[in-house]
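Engineer: below: sequence and its predicted model.
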Amino acid sequence: MKTDTKISAKKSWAQALARPAAEFPLTQLLVKSGKIPAGFRGTLYRNGPARLQRGGMNAGHWFDGDGAILAVHFTDVGAAAVYRYVQTAGYQAEEKADKFLYSNYGMTAPGPAWLRWTKSVKNAANTSVLALPDRLLALWEGGLPHSLDLQTLETRGTEDLGSLESGSSYSAHCKRDPITGNIFNFGTTPGASTKLHLYKSDPTGKIVQQATVALDGIPLIHDFVLAGKYLIFFVPPLRLNFVPVLAGISSYSDSLEWKPELGTQILVVDSETLSLVSRGETEPWYQWHFANGFVKEDGSVAVDFVRFPDFKTNQRLKEVAAGDTRTDAQGTLWRAHLNPQTGKVTGIEELLDKPCEFPIVPASEIGQDSRYIYLAMYGPDVDIVAEVFSTIARFDTQSRNLTIADLGENRYPAEPIYVPDISSEKGWIVTVIYDGNSDSSEVWIFDSEGLDRAPVCQLELPSVIPLGFHGTWKSAV
């Protein structure tokens, strides 16, 4: 792909995706301003699509890019970072051939249509990460996770967590119970009778319990929420037409059909037994991500999530890969109240009417009533159709106050990550910034109580980290 040297200021974010990202070895980072807080110790891991072009062709969707992991290790002697592609079998084969070979979420395999069905789907390993005591998992919801070395990011191969079969899928959005340390996740097996597979792992990652729930049709379920003693899934009214996918004439993305008449299905699962408690139905919407969920004093459940009116968001994300967004598809922060015994939604309210995404709460408060939600948002006076998220913010669910960071023009943050201080009760917010003014990437650290103040530290990265998806923090203690 030829990089457009005439990218306007409004499109400066597109430079970050316009060429394959460059790996770099473990490198000591220079402090550009401020200093690393004394209690900021551990490792930041981030994942995202790092290569969207190959052999003169562009990937069909942002979700199709080969995954690359950034690790930033914070120790008493400073910060050091390493950035490496996940060495999936598909990545290695396409590197050798210097062309696309496989189907993916938004792509069909090259070549005659009647031969495409014989080719496997590439595991892009590009969506999120799970830090275990002895390894890092690169997650992609369409297949098995890949295991990497926590320090060097060397790829060790696919990971079965003790019992996953080769054709299994393991979602990119696992949830770790901060009280027990257990890890919950899911996967789906599409077909005439689609199954939702539920997984409970111990703190080492080993799956210790499994269950299945029948689904109607073939929906797209990207995320779920841990809410106290429940796992809750919102199944959107989106169904895959599997015939053109199997025939090799259409991608998964292009074969997803919005069916609002189906409504949103609510599945409530007991986290102890993994048994289905209830199945309900409510009005149609789509969501990629949940912020959190918790059981209220009266036994009902509150679930916070970013709600979209329909699935146009998929087209917008496809356009991100091309560096030219034209579809206005924004989500806002909502709270649903439901009866877990019936799956019935008893109330729903919009918490924040400003476009946002990538909602997170502190890891220690997952599944509990958490006051603050951290988000990616747009800065003031921004063309939200042409731009991507240009700031981060903190939303107070009690006061409804919104605190917005000022990142300056043409700067684009990754999902904010909450970091607990290892020596005090303080907390920090860390994000990776792409600076379109200098075509460079940096790590910025904010006081979690002062996002509207200047960052307490800015660190320079050796090369550009493309706009990506999700990350995690692994504390030093």
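Structural biologist: Yep, that arrived.
Engineer: for this protein, which spans come out with low pLDDT?
Structural biologist: Scanning the chain with the threshold set as pLDDT under 70 gives 1-10, 111-119.
Engineer: can you give me the helices for it?
Structural biologist: In the chain, the helices defined using DSSP state H lie at 89-97, 113-116, 242-246, 312-322.
Engineer: switch those helices over to a markdown table; also include distance to Met107 and mean neighbour count.
Structural biologist: All C-beta atoms are positioned from the backbone trio N, CA, C, and that covers glycine. Formatted as a markdown table, the helices of the chain follow (distance: least, CB to CB, whole Å; neighbours: other CB atoms under 10 Å):
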| stretch | distance to Met107 | mean neighbour count |
| --- | --- | --- |
| helix 89-97 | 12 | 15 |
| helix 113-116 | 10 | 13 |
| helix 242-246 | 12 | 16 |
| helix 312-322 | 10 | 19 |
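Engineer: reformat the ones you listed as CSV; add distance to Phe446.
Structural biologist: Compiled in CSV, the helices of the chain are given as follows (distance: least, CB to CB, whole Å):
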stretch, distance to Phe446
helix 89-97, 34
helix 113-116, 47
helix 242-246, 43
helix 312-322, 25
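Engineer: among the ones you listed, which comes closest to Leu351?
Structural biologist: Closest to Leu351 of those is helix 312-322 (CB to CB; 18.7 Å).
Engineer: convert the C-alpha atoms of the closest one to PDB, please.
Structural biologist: The C-alpha trace of helix 312-322 is given here as PDB (Å, rounded to 0.1, in the frame of the first residue of the first chain):
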ATOM      1  CA  LYS A 312     -23.300   0.000  11.300                       C
ATOM      2  CA  THR A 313     -20.300   0.100  13.700                       C
ATOM      3  CA  ASN A 314     -18.900  -2.900  11.800                       C
ATOM      4  CA  GLN A 315     -18.700  -0.900   8.600                       C
ATOM      5  CA  ARG A 316     -17.000   1.900  10.400                       C
ATOM      6  CA  LEU A 317     -14.400  -0.400  11.800                       C
ATOM      7  CA  LYS A 318     -13.800  -1.800   8.300                       C
ATOM      8  CA  GLU A 319     -13.100   1.700   7.200                       C
ATOM      9  CA  VAL A 320     -10.600   2.300   9.900                       C
ATOM     10  CA  ALA A 321      -8.300  -0.300   8.200                       C
ATOM     11  CA  ALA A 322      -8.400   1.900   5.000                       C
END
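Engineer: so what touches that helix?
Structural biologist: Residues outside helix 312-322 that contact it (CB atoms under 8 Å, 6 or more residues apart in numbering): 17, 49, 52, 58-65, 106, 253, 256, 286, 288, 325-329, 331, 388, 467.
Engineer: of those, just the buried ones, PyMOL syntax please.
Structural biologist: Applying 16 or more other CB atoms under 10 Å to the contacts of helix 312-322, the buried members can be selected in PyMOL as follows:
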select buried, resi 17+49+52+58+59+60+61+62+63+64+65+106+253+256+286+288+325+329+331+388+467
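Engineer: check contacts around the closest residue to Val464 other than its chain neighbours.
Structural biologist: Distances taken as CB to CB, 6 or more residues apart in numbering place Ser441 nearest to Val464, at 5.1 Å, with adjacent residues excluded. By CB under 8 Å, 6+ apart, the contact set of Ser441 is 16, 432-435, 461, 463-465.
Engineer: now flag whichever of these is closest to Leu148.
Structural biologist: Out of these, the member with the shortest distance to Leu148 (by CB to CB) is Ile465, at 16.5 Å.
Engineer: number of residues surrounding the closest one?
Structural biologist: Look at Ile465: counted by other CB atoms under 10 Å, it has 26 neighbours.
Engineer: wait, it sits on Ile433?
Structural biologist: No: counting by CB atoms under 8 Å, Ile465 sits too far from Ile433 to count as a contact (9.1 Å).
Engineer: which neighbours do those two share?
Structural biologist: In contact with both Ile465 and Ile433: 414, 441, using CB under 8 Å, 6+ apart.
Engineer: of all the helices of the chain, which one is nearest Val301?
Structural biologist: Using CB to CB, those put helix 312-322 closest to Val301, at 25.0 Å.
Engineer: from the middle of its chain, how far away would the closest one be?
Structural biologist: 15 Å (CA atoms, centre = their mean, to the nearest Å).
Engineer: any idea how far the closest residue to Leu220 other than its chain neighbours lies from Leu461?
Structural biologist: The shortest distance from Leu220 to any non-neighbouring residue, by CB to CB, 6+ apart, is to Leu238 (5.1 Å). Separation of Leu238 from Leu461 (CB to CB, to the nearest Å): 37 Å.
Engineer: so what's Met107 bridging to?
Structural biologist: Beta-bridge pairing for Met107 (DSSP bridges): Asn104.
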